[in-house]
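Enquirer: My questions are about this predicted structure, shown below with the sequence.
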Amino acid sequence: MPMFQTLLGELNVHMGREKIAALAKNKHHFAPGNDPDYSFLMQDHPKLVTAWQGYLKEMPPAMRAGLRAVIHEALSTEPPTQVTFAWAPGYDYEMTVWQAPDTKMTKGGVTVLIKSRYPDDDHPIAGPSVAKSK
């Protein structure tokens, strides 16, 4: 899904070495109990943010909370832990998270792979997609 690749690429920039310290100052956006708002990160891409926010609303709540928790935890470490995000097509929603631990020589990092159907694909148990009904 090209737009999510673009959006996650932008998120990767903010969670990467050069910008993560600035993002860590805004970790409250990802604190427990918050429904994260990613718009402050990508003000130049409002259509992408709107699509991402809609996608997150359809994502199962436990996965949405898990994604928020991974980001908050990474931003809460000292120094912040870099996170790399990727999306791949899949049948159902799926999220795989792995972390390379810190070593004496290097800081570790987290990778998050999100899988799901394309937003326009109907899921067999859900009926017509939101995108097709508009």
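Expert: Now that the structure is in, tell me what you want to look at. All of these numbers come straight from a predicted model, not from anything done at the bench. Residues are numbered from 1 along each chain as shown.
Enquirer: which is the next helix or strand following the biggest helix by length in the chain?
Expert: In the chain, with assignment by DSSP state H, the single longest helix is helix 61-76. Toward the C-terminus, helix 61-76 is succeeded by strand 82-89 as the next helix or strand (DSSP states H and E).
Enquirer: in that next one, what counts as buried?
Expert: For strand 82-89, the neighbour count (16 or more other C-beta atoms under 10 Å) marks 82-83, 85, 87 as buried. (Glycine included, C-beta is placed from N, CA and C.)
Enquirer: helices or strands next to that strand in the packing?
Expert: Helices and strands touching strand 82-89, by 3 or more C-beta pairs under 8 Å, 6 or more residues apart in numbering; DSSP states H and E, are helix 2-14, helix 61-76, strand 109-116.
Enquirer: Go through the ones you listed and pick out the most buried.
Expert: strand 109-116 (a mean of 18; mean count of other C-beta atoms under 10 Å).
Enquirer: Check the offset of that one from the chain's centre.
Expert: Distance, stretch centre to chain centre, for strand 109-116: 8 Å (C-alpha atoms, centre = their mean, to the nearest Å).
Enquirer: Check which helices and strands that strand sits against.
Expert: When contacts are defined as 3+ C-beta pairs under 8 Å, 6+ apart, strand 109-116 packs onto helix 61-76, strand 82-89, strand 94-100.
Enquirer: Apply 6 Å and report the result again.
Expert: Secondary-structure packing of strand 109-116 (3 or more C-beta pairs under 6 Å, 6 or more residues apart in numbering; DSSP states H and E): strand 82-89, strand 94-100.
Enquirer: what angle do it and helix 61-76 make?
Expert: 160 degrees (axes from the mean of the first three to the mean of the last three C-alpha atoms, to 10 degrees).
Enquirer: This completes my enquiry, with thanks.
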